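Visitor: Sequence and predicted model, in that order:
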Amino acid sequence: MKEPQNTRLLLLLAVCAICIVSAFAIEGGDKNDQLVEPMTRGGRDTKAARIESAEGKSVPLLSLDKLIRSGTPGVRPKADDLFPPSAWVRTPPPAAVVAPPLPPPPSAPPLPFNYMGKFTEPSGKTVVYLGQGDKALTISAGETIDGIYRVESIDNAHLTFIYLPLNIKQALPTGNSP
């Protein structure tokens, strides 16, 4: 039974000895240890951190220029954005711009006349009787009505008028077949 106690005592002495040697080695230091130059705190330091080798030469450890981001400060590049914002609802693409349809060409209003009859004079001139609302008109070929309509021609099937503001021909049926 004495053997386990001796083993424990030896182990305890060995651990104490290692601790004492370690403390002495840290306190005293070794000339072969590598020393790092102190860096300035504050703004960005573009100097490279250096270590001193066993031969006393200064060797660069790390280039701090590579750590400085270029571009706008405070803005992360898009490639680094691991969690970009996303929308649950997709917005439809903008609709193609369609030109409005062209307005229809101007047209004359419907004829305001009613055919009432016609009479041929012994001289061969044809006179046509028209109704316009509550007025009765007598016209013949070539005459102008109210400065808006001109009678172009008169035949058995229809009367031909020209709407003067737009120079458009219009026909009024007479009810007689040719």
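Guide: Received it, and whenever you're ready, just let me know what you need.
Visitor: tally of neighbours for Tyr149?
Guide: Using other C-beta atoms under 10 Å, Tyr149 has 22 neighbouring residues. Yep, even glycine has a C-beta here, placed from its N, CA and C like the rest.
Visitor: Oh, that last question was meant for Leu130, not what I typed.
Guide: 21.
Visitor: so what's Ile145 up against?
Guide: 132, 137, 139, 151 (C-beta atoms under 8 Å, 6 or more residues apart in numbering).
Visitor: Buried among these? Make that a PyMOL selection.
Guide: In PyMOL syntax, the buried subset of those is picked out as below (16 or more other C-beta atoms under 10 Å):
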select buried, resi 139+151
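Visitor: Now the contacts of Ile145 in CSV, please, with extra columns for secondary structure, distance to Leu166 and pLDDT.
Guide: Formatted as CSV, these follow (DSSP: H, G, I helix; E, B strand; the rest coil; distance: C-beta to C-beta, whole Å; pLDDT from 0 to 100):
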residue, secondary structure, distance to Leu166, pLDDT
Gln132, strand, 19, 92
Leu137, strand, 22, 92
Ile139, strand, 20, 93
Val151, strand, 17, 94
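Visitor: which two in the contacts of Ile145 are spaced the farthest apart?
Guide: Gln132 and Val151 (13.1 Å; C-beta to C-beta).
Visitor: where do the helices sit along the protein?
Guide: All helices of the chain, identified by DSSP state H, fall at 2-28.
Visitor: Which parts of it are strands?
Guide: For the chain, applying DSSP state E gives strands covering 35-36, 49-52, 58-62, 114-120, 126-132, 135-139, 144-145, 149-154, 158-163, 168-173.
Visitor: Kindly state which of these is positioned closest to Pro105.
Guide: Among those, strand 168-173 comes nearest to Pro105, with 9.8 Å by C-beta to C-beta.
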